[in-house]
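Colleague: Fold the following, please.
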Amino acid sequence: MREAAHAKNAERIADINAMPRRREPRKVLLCRISALWNDRYGSSKSLSGLLEDRSRSGIAISLPEPIAIGTKVTIRGRRRELAGTVRYCLFTGAEYSLGVQLDGQDLDWDRFGAGL
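Modeller: Numbers count the residues shown, from 1 in each chain. Predicted coordinates for the structure are as follows:
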């Protein structure tokens, strides 16, 4: 099923050469998250995944299924949630690695740190 989803969405998934260059320092952080979004038909979707690293303006997550580039997502942790847009989505063999650009800088970074 993952292979079929990967093939079906191949035109909407960036390759590694399309990944943006990092402009801010990242903090490595491994914690469980939920990704919430609406698919192209307007249906609400949710997946559990792992937050891998983040900066004040971006998050790297891994999920079992792809999300199309340009999709607005909400990343929900135990204490709070952040909204952003998928900038890249790469199939890594067992899962998908996604980069999410936050809608704005995380102003609570100093209060909460990198965690969600």
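
Colleague: so what strands line up beside the helix or strand containing Ser97?
Modeller: Per DSSP states H and E, Ser97 falls inside strand 96-102. Counting by DSSP bridges, the strands paired with strand 96-102 are strand 58-63 (antiparallel), strand 81-91 (antiparallel).

Colleague: and Ala94, how far is that from Thr74?
Modeller: 24 Å (CB to CB, to the nearest Å). (Glycine included, C-beta is placed from N, CA and C.)

Colleague: Helices of the protein, residue ranges please.
Modeller: 2-8, 109-112 (DSSP state H).

Colleague: Check the ones you listed for me: which has the lowest mean pLDDT.
Modeller: With a mean of 48, helix 2-8 has the lowest mean pLDDT of the helices of the chain.

Colleague: Can you find the helix or strand in the protein with the smallest mean pLDDT?
Modeller: Sorted by mean pLDDT, DSSP states H and E, the helices and strands of the chain end with helix 2-8, the least confident at a mean of 48.

Colleague: Low-confidence regions, this protein specifically.
Modeller: Within the chain, the segments meeting pLDDT under 70 span 1-26, 109-115.

Colleague: which ones are touching Ser46?
Modeller: Ser46 sits next to 34-36 when contact means CB atoms under 8 Å, 6 or more residues apart in numbering.

Colleague: ok, so of the residues you listed, who is nearest Pro64?
Modeller: Ala35 (10.3 Å; CB to CB).
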